[in-house]
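Visitor: just need the structure, nothing else, for what follows:
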Amino acid sequence: MVDLDDDTLRSRILSWLEAQVPASRVQHVLGVEQMAIALAHVHNLDPQRAALAALLHDLAKYFKPQTLLSIADEAGLPLDPVDEANPHLLHADVGAIVAQREFGVTDADVLAAIANHTLGRPGMSALSCVVFLADTLEPGRGNTDELRHLRTVSQQNLTQAVWMTCDYTFKHLLDAGHLIHPRALQTRNWFLQADSGRWRSPAAEAYRAAT
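Guide: Got it, this is the predicted structure:
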C-alpha cells in the first residue's frame, strides 16, 4: 500500500510523467490534480486519494496503440470493437495497470478512478466521478460558458455533472465524426437515470451521508 502522504511518491510520479509525456500533458495532469482535490473537499471525499488518482490518470496516455492492446490482452481486459478501432481509449484502463506495476498502488478505488477517467462506468464511485469530471473540466480545458456551467454543477451535484459532461463530450465527438464507446453511453444513461431517482447513485449517497 502506498503512503498517500509521501511527497517523494508525488515527485516520483511527476518525474516519470516528465520523461514519458509532453510538458503540456504534465500541466494538464497538475490541473486535474488541483480540481480533483477541490471537488473532493466539496463532496467530503479524501483529497489525498483524489490527488493520487489524478496524478496517475494519464500514465498510459502516450503509449503506442499496439502497446495498449498488448497490455490489455495480457491483463484479460474485455475489448469492444471500438477499442480495437481506437486503442487510445484503452489508456485509462491500462493506466491503472501501470499504476500498480510502477508505483505499487493497490487502493481499489484509486485504481478504479484511474481506469474510469475517460469512459466512466455505470455506478462508479464518487471518487471516480471526481477524477472523471476533473479530467474534462480542469481550467486548462478552456473557459467557455458551457465549461463554467459544468464546473458549477460539479461543485453541487456529482451525479448530474457526470451525465451533463458526457453530453458535452459527445457533442464534440459527433461534430468530429468520431466513434462513441458503448461504455461512455452506458455511463451517461446510468447517471441520467440516477439523477432522476431511478437508480441509487454512489456519488449522491456518499454526499448525503457526509452532510
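
Visitor: going forward, measure contacts between C-alpha atoms and count neighbours the same way
Guide: Noted.

Visitor: can you pull the contacts of residue 116?
Guide: 92-93, 124, 128, 132 (C-alpha atoms under 8 Å, 6 or more residues apart in numbering).

Visitor: err, residue 59, not the other one
Guide: Neighbouring residues of residue 59 by C-alpha under 8 Å, 6+ apart: 17, 91, 95, 98-99.

Visitor: make CSV out of the residues you listed and add secondary structure, pLDDT and neighbour count.
Guide: Listed next are the contacts of residue 59 as CSV, based on DSSP: H, G, I helix; E, B strand; the rest coil; pLDDT from 0 to 100; neighbours: other C-alpha atoms under 10 Å:
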residue, secondary structure, pLDDT, neighbour count
17, helix, 98, 21
91, helix, 98, 29
95, helix, 98, 23
98, helix, 98, 21
99, helix, 98, 22
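
Visitor: now for those: which two are most distant?
Guide: Using C-alpha to C-alpha, the contacts of residue 59 reach their maximum pairwise distance at 17 and 91, which is 14.1 Å.

Visitor: what's the biggest helix in the protein, counting residues?
Guide: Taking DSSP state H as the criterion, the chain has its longest helix at helix 23-42.

Visitor: just the CA trace of the very next helix or strand once past that one, in PDB.
Guide: Using DSSP states H and E, the helix or strand that follows helix 23-42 in sequence is helix 47-56. Provided in PDB are the C-alpha atoms of helix 47-56 (Å, rounded to 0.1, in the frame of the first residue of the first chain):
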ATOM      1  CA  PRO A  47      -8.400  14.700  -1.100                       C
ATOM      2  CA  GLN A  48      -5.200  12.700  -0.900                       C
ATOM      3  CA  ARG A  49      -6.800   9.700  -2.700                       C
ATOM      4  CA  ALA A  50      -8.300  12.100  -5.300                       C
ATOM      5  CA  ALA A  51      -4.900  13.700  -5.800                       C
ATOM      6  CA  LEU A  52      -3.200  10.400  -6.200                       C
ATOM      7  CA  ALA A  53      -5.700   9.100  -8.800                       C
ATOM      8  CA  ALA A  54      -5.500  12.400 -10.700                       C
ATOM      9  CA  LEU A  55      -1.700  12.400 -10.800                       C
ATOM     10  CA  LEU A  56      -1.700   8.800 -12.100                       C
END
